[in-house]
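1. how does the following fold in three dimensions:
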Amino acid sequence: MANAIEMLRDDHRQVKELFHQFERTEEEDRKKHIAAETLHELEVHARLEEEIFYPAARQEIDDKQLIIEALEEHHVAKILLSELKRIGSGDERFDAKYKVLAENVKHHIQEEESKLFPMLEDSLATDEVGQEMEARKEQLQEKLSNRPQPRGRKSRGRSSKKRRGRASGGR
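-> Next comes the predicted model:
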């Protein structure tokens, strides 16, 4: 049986390891792969928290502001995730934007693990919520793995052909 808090801690460890791998890697193809995996894992994790964990947690704690703050941190992360997908790994801002995402997510993890989780460990039905999260995670993994990956280096050959084609009357 899955424990919701342990599932989230496992996700946190996995994402922090991906951040660490990205920082240590110089090879562009490897960075692109790590970034794609990170974006995927964060999307799934955020959806699980927002759809299942936070609503259950909100019912168990008095400090509702903690959940509201966590949701706002998710909002910021989603903006960065969207921008990383849009610009692709070939953009000169990609590494910097990824680093900002990593810093924001690490802060979010630290707050969840030091404040929120301890408040819930004795009151939340962690196994029941964990089962629901586990089932949803399978659905999300399948659904989100079929999406296109972040773009790589931008190819200029295609747009140059278009310009040449237009200049020569479309031939």
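2. report the central residue of the chain.
-> For the chain, the residue nearest the mean C-alpha position is residue 42 (2.0 Å; C-alpha atoms, centre = their mean).
3. quick one: contacts for it?
-> By C-beta atoms under 8 Å, 6 or more residues apart in numbering, residue 42 lies in contact with 15, 77, 81, 101, 105. Quick note: C-beta positions are derived from backbone N, CA and C, even for glycine.
4. compare those residues and tell me which has the most neighbours.
-> Using other C-beta atoms under 10 Å as the neighbour test, these are led by residue 105, with 25 neighbours.
5. tell me who's in contact with that residue.
-> Neighbouring residues of residue 105 by C-beta under 8 Å, 6+ apart: 15, 19, 42, 77.
6. ditto for residue 34
-> By C-beta under 8 Å, 6+ apart, the contact list for residue 34 reads 18, 21, 22, 25.
7. now the helix or strand hosting the second one, how far from the centre of its chain.
-> Okay, so that is residue 21. Following DSSP states H and E, the helix or strand that holds residue 21 is helix 4-24. Its chain's C-alpha centre lies 11 Å from the corresponding centre of helix 4-24 when counted by C-alpha atoms, centre = their mean, to the nearest Å.
8. just to revisit the earlier point, what's the separation between the residue nearest to the centre of the chain and residue 25?
-> As judged by C-beta to C-beta, to the nearest Å, residue 42 and residue 25 stand 18 Å apart.
9. one step back: least confident of the contacts of residue 34?
-> pLDDT across these is at its lowest for residue 25, which sits at 94.
10. burial count for the nearest residue to that one once chain neighbours are set aside?
-> Leaving aside its chain neighbours, residue 25 sits nearest to residue 31 (5.3 Å; criterion: C-beta to C-beta, 6 or more residues apart in numbering). Look at residue 31: counted by other C-beta under 10 Å, it has 18 neighbours.
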